Structure formats: structure tokens, C-alpha cells
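Novice: Have a look at this prediction, sequence included:
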Amino acid sequence: MNDLAAFFLPIGFIGAAIAVLCALVAAVALARGAAGLTGGAVGLWIVGAMLSVTAGFSGNWLLLAISAGSLIAALVLGVVARSLLRLIPERPARAVVNEEPAPASVAVPVAVSRPRLAELRVGDALAKTGHA
């Protein structure tokens, strides 16, 4: 069991780092109101928290507590930041000049008919050239 503890401790540190980074992304996404990004960040946080549990094999449960605390703090701070951002008045929209674009001239394709080879006669061709 002690042999695996040396292996699982670095995995726990990596998992805790992933969990904290994903919690930060979730806080920013909550503040901006991006529900999809928040869900994705929390989903990846779960993976990081599960990896941080592996540090428990070496008796280090602090990494799991850090992972769990980071998500709780991120959710609280994200909601508080979102409510504060809603209090800030929006900038007035720029004045848009309604200029009607000039109607574009539409080119109508002209159908050009070419005589088929079966319709050509030698006499017609010679008459056009003036040799007939």
C-alpha cells in the first residue's frame, strides 16, 4: 500500500490543480452568464476532484478539501460578481445612421443561342462568308 502512495500523491496534486483551474473558469463563466461554459467547467472540476481523492491513499486529504472549497468559493463569487455586473448601467448604443444603400443594378444574363452542328449547312456558312 505504501508503494502506491508515492504514485498517487502527485496525481492528487495534479487533480487539485485541475479542480482549482476549472473552478476559476466556472466563476468567470457564472459572472458573464455563460451557462454552457459553467457546466463544462464544473464537469471538468468533477474529474479534477476525483483525481485529488487519490492523494488520500497517502493520508493527504487536504487536496480534496482544497478542490471542494475552490468550487464552493467559485460558485459564490461568480453569483455575486454576476449580480454586481447587472447593477452597472449599460453604455448607450451608438447612433446608427440609416442610410439606404443604393439599389444595385442587377445584370440579367442574356441567353445566347448557338446553332447546333446538325442545323448548320455548308451553304449557310458560305453565304455568311461571301463565297457562295
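Specialist: The structure has been received and is ready for your questions.

Novice: C-alpha from now on. contacts and neighbour counts both.
Specialist: Fine.

Novice: Where does the most centrally placed residue in the chain sit: helix, strand or coil?
Specialist: Taking C-alpha atoms, centre = their mean, the centroid of the chain lies closest to Leu37, which sits 8.6 Å from it. Of the three states, Leu37 takes helix under DSSP: H, G, I helix; E, B strand; the rest coil.

Novice: I figured Ala17 was touching Met50, is that so?
Specialist: No. Ala17 is beyond contact range of Met50, at 11.7 Å (criterion: C-alpha atoms under 8 Å).

Novice: returning to that earlier point: verify the contact between the residue nearest to the centre of the chain and Val28 for me.
Specialist: No. Applying C-alpha under 8 Å, one finds Leu37 not in contact with Val28, separated by 9.3 Å.

Novice: All the helices of the chain, residue numbers only.
Specialist: Secondary structure of the chain (DSSP state H): helices at 2-32, 35-53, 62-87, 122-129.

Novice: worst average pLDDT in those?
Specialist: For those, mean pLDDT drops lowest on helix 122-129, to a mean of 61.

Novice: what residues are up against the residue nearest to the centre of the chain?
Specialist: For Leu37, the contacting residues are 26, 29, by C-alpha atoms under 8 Å, 6 or more residues apart in numbering.

Novice: and the gap between it and Phe13?
Specialist: From Leu37 over to Phe13 the distance is 24 Å, taken as C-alpha to C-alpha, to the nearest Å.

Novice: same deal with Leu85?
Specialist: Leu85 is 34 Å from Phe13, by C-alpha to C-alpha.
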